[in-house]
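**Q** sequence and predicted structure below; questions after.
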Amino acid sequence: NAGVTQTPKFQVLKTGQSMTLQCAQDMNHEYMSWYRQDPGMGLRLIHYSVGAGITDQGEVPNGYNVSRSTTEDFPLRLLSAAPSQTSVYFCASSYRGATTDTQYFGPGTRLTVL
Amino acid sequence: QQQVKQSPQSLIVQKGGIPIINCAYENTAFDYFPWYQQFPGKGPALLIAIRPDVSEKKEGRFTISFNKSAKQFSLHIMDSQPGDSATYFCAAGGTGANNLFFGTGTRLTVIP
């Protein structure tokens, strides 16, 4: 099993550009989530999904969109990037939920918005 | 506001020492308290977790102590090794809820 994979590993964007961060898992997990990690802030939940076709907002959803068309994939879209979105982004998955089963994190995408 | 407060921000101990990292929470609905370990350039990995029906949980050299009345929990690392040098995050959430709230992290350095 590859576990949770994320692409790209690094990305530089200009303000106003859009992009999609990819996340995939091969563990047949129902729950998937996106976090951002900023110095001194820990990890903060952006969006999550409890199954294909179901998504919901986390703690810091503004500026981000998600969709879940398959169990395996959970892409994160930045529609108009802003410097405040410079961060390291982690995707995670677990069998049922963040507080019921072990969450497995991907290796992260480091995003810089100029 | 920060749902989970973590201290200290950084910690340096000698090999064999017992670093202790503390976390506090306010929301009494929280009943799941995991600790994550993160090495540079990697994603966090679950280390150990506790639910409030017990006051202590051990897994190998890692121990969580939980004080429900004080709404505090802590991580102790016995016989610490240089390989334990990493950033440690506590977190808290409610069973059945889908949000997990993280502390701000503690960077641990174990000196040989």
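**A** Sure, I can see it. Residues are numbered from 1 along each chain as shown, chains lettered A, B, ... in the order given.
**Q** which intervals of chain A have sub-threshold pLDDT?
**A** Within chain A, no stretch has pLDDT under 70.
**Q** and for the closest residue to chain B within it, the neighbour number?
**A** Nearest to chain B, among the residues of chain A, is residue A:105, at 3.2 Å (Cβ to the nearest Cβ). Quick note: C-beta positions are derived from backbone N, CA and C, even for glycine. Using other Cβ atoms under 10 Å in any protein chain shown, residue A:105 is surrounded by 22 other residues.
**Q** list, one by one, the residues from chain B near chain A.
**A** Contact residues (Cβ under 8 Å from any Cβ of the partner chain) of chain B with chain A: B:2, B:4, B:6, B:31-32, B:34, B:41-46, B:89, B:91, B:93-105.
**Q** and the buried ones among these, selectable in ChimeraX?
**A** Here is the ChimeraX command that selects the buried residues among the residues of chain B next to chain A (16 or more other Cβ atoms under 10 Å in any protein chain shown):
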select /B:4,6,31,32,34,43,44,46,89,91,93,94,97,98,99,100,101,102,103,104,105
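**Q** you'd agree the residue of chain A closest to chain B is up against residue A:89?
**A** No: assessed by Cβ atoms under 8 Å, residue A:105 is found out of contact with residue A:89, at 10.8 Å.
**Q** got the contact list for the residue nearest to residue A:64 when sequence neighbours are not counted?
**A** Excluding its sequence neighbours, the residue lying closest to residue A:64 (Cβ to Cβ, 6 or more residues apart in numbering or on different chains) is residue A:46, at 5.3 Å. By Cβ atoms under 8 Å, 6 or more residues apart in numbering or on different chains, the contact list for residue A:46 reads A:33-36, A:58-61, A:64, A:66, A:76, A:89.
**Q** sec struct for residue A:46, please.
**A** Under DSSP: H, G, I helix; E, B strand; the rest coil, residue A:46 falls in the strand class.
**Q** how far away is it from residue A:102?
**A** Going from residue A:46 to residue A:102 by Cβ to Cβ, to the nearest Å gives 20 Å.
**Q** do residue B:61 as well
**A** Look at residue B:61 and residue A:102: by Cβ to Cβ, they are 19 Å apart.
**Q** next: residue A:92.
**A** Plainly put, residue A:92 is 10 Å away from residue A:102 if you go by Cβ to Cβ.
**Q** excluding sequence neighbours, find me the nearest residue to residue A:80.
**A** residue A:16 is the one closest to residue A:80 (Cβ to Cβ, 6+ apart), at 5.4 Å.
**Q** next: residue B:104.
**A** Leaving out its chain neighbours, the residue that sits closest to residue B:104 by Cβ to Cβ, 6+ apart is residue A:42, at 4.5 Å.
**Q** how many residues are close by residue A:78?
**A** 20.
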